[in-house]
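1. predicted model and sequence below, questions to follow.
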Amino acid sequence: MKSNSFDVLPDERVRAVLRRLHGEADRQVPGVLLQFLPKLPRMLLGRPVDVPGAEVAFADKYLAIEQAQGAFCYLTARALRARTIVEFGTSFGVSTLWLAAAVRDNGGGRVIGTELLPEKARRAQANLEEAGLASFAEIRVGDAMQTLRADLGEVDFMLNDGFPLRALDVLKLVTPALRPGAVVVTDNVGVFKADYRDYVTWVRDPRNGFASMTVPFRSGTEYSVRQPDAP
Ligand SMILES: C[S@@+](CC[C@H](N)C(=O)[O-])C[C@H]1O[C@@H](n2cnc3c(N)ncnc32)[C@H](O)[C@@H]1O
């Protein structure tokens, strides 16, 4: 049977906004691939490609998680009964909408999103409002290494979807706030293998308090669970 990721969402208003946003994101994919073309030789040689300031080159691009990943995050957050979710990398808010819907359907709470670029954060806020989810998300504008430094509360779920360069630093910053059993989902570890090598090595080292594996979504998604006996 053909899967329809949007079917997991009970609210047609949220489904309608996400359908539009995923459509726009999908139409940008060929342009994004073109932008990556010059980096292809480095990727094939197993070298890192992320560079400081890369956000600016993708300022008009969604770079969103795919629909199935959105549904997977929504269902995971529902299963965890997540009330507090941290998101590194909000962009135009596609993942934020999936997560805010989960928080609302769990009875309330907040998604703490983070976006470096103010215009992207503004668009994400407008999309949350259109979906009726604005009161379940707070988008912090600026570098996640600063904006996630305080006021997180006890975190049930984290989507680590900023650029790879900062992924491990941001995870280390948020880790003390993760409750036992919290889940961390990190997109693109398969595509940006070299960029995420240190991240994956760290999160899979049991001494750091996670159990972790790659889930075979198109781009390779690392799925990590904070262990109850974590240090
Ligand atoms: C892959 S996109 C996020 C896509 C989004 N999660 C979605 O599914 O729609 C990554 C985003 O992280 C933002 N970003 C990169 N580095 C950042 C940083 N240090 N702090 C906050 N945001 C950052 C970029 O501007 C970009 O919009």
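-> Ah, there it is.
2. what's the longest helix in this protein?
-> Ranked by residue count and defined by DSSP state H, the top helix of the chain is helix 12-36.
3. show the average pLDDT along that one.
-> Across helix 12-36, the average pLDDT comes to 95.
4. what about it and the ligand, touching?
-> No: Helix 12-36 does not reach the ligand (Cβ under 6 Å from any ligand atom); its nearest approach is 7.1 Å. No exception for glycine: its C-beta is placed from N, CA and C like everyone else's.
5. list the buried residues of that helix.
-> Within helix 12-36, the residues scored as buried using 16 or more other Cβ atoms under 10 Å are Val14, Arg15, Val17, Leu18, Leu21, His22, Ala25, Gln28.
6. only C-alpha atoms, please: export the longest strand seen in the chain in CSV.
-> For the chain, the strand with the greatest residue count under DSSP state E is strand 178-186. These are the backbone C-alpha positions of strand 178-186, laid out as CSV (Å, rounded to 0.1, in the frame of the first residue of the first chain):
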residue,chain,number,x,y,z
LEU,A,178,17.9,15.6,27.8
ARG,A,179,15.8,13.4,30.0
PRO,A,180,16.6,9.6,30.2
GLY,A,181,14.9,8.0,27.1
ALA,A,182,15.0,11.2,25.1
VAL,A,183,15.5,10.8,21.4
VAL,A,184,17.9,12.8,19.2
VAL,A,185,17.3,12.6,15.4
THR,A,186,20.1,13.9,13.1
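7. helices or strands next to it in the packing?
-> Applying 3 or more Cβ pairs under 8 Å, 6 or more residues apart in numbering; DSSP states H and E, one finds that strand 178-186 makes contact with helix 67-79, strand 155-160, helix 167-174, helix 197-204, strand 221-226.
8. so which bits of the protein are right by the ligand?
-> Listed as neighbours of the ligand in the chain under the rule Cβ under 6 Å from any ligand atom: 55, 62-65, 89-92, 94-95, 114-117, 120, 143-144, 161-163, 166.
9. drop anything exposed from these.
-> By 16+ other Cβ under 10 Å, those give 55, 62-65, 89-92, 94-95, 114-117, 120, 144, 161-163, 166 as buried.
10. so which of these are in strands?
-> Short answer: these in strands (DSSP E) are Thr114, Glu115.
11. thinking again about what came up before, buried sites along the longest strand of the chain?
-> For strand 178-186, by 16+ other Cβ under 10 Å, it's Leu178, Arg179, Ala182, Val183, Val184, Val185, Thr186.
12. in stretch 153-163, what counts as buried?
-> Neighbour-count burial for stretch 153-163 [16+ other Cβ under 10 Å]: Val155, Asp156, Phe157, Met158, Leu159, Asn160, Asp161, Gly162, Phe163.
13. quick check: the farthest pair among the residues you listed?
-> Maximum pairwise distance among the buried residues of stretch 153-163 (Cβ to Cβ): 24.0 Å, between Asp156 and Phe163.
14. which intervals of this structure have sub-threshold pLDDT?
-> Scanning the chain for pLDDT under 70 picks out the ranges 1-3.
15. nearest spatial neighbour of Pro206, skipping sequence neighbours?
-> Gln227 (7.8 Å; Cβ to Cβ, 6 or more residues apart in numbering).
16. didn't the one you found look like it was pressed against Arg179?
-> No: Gln227 is not in contact with Arg179 according to Cβ atoms under 8 Å; the separation is 11.2 Å.
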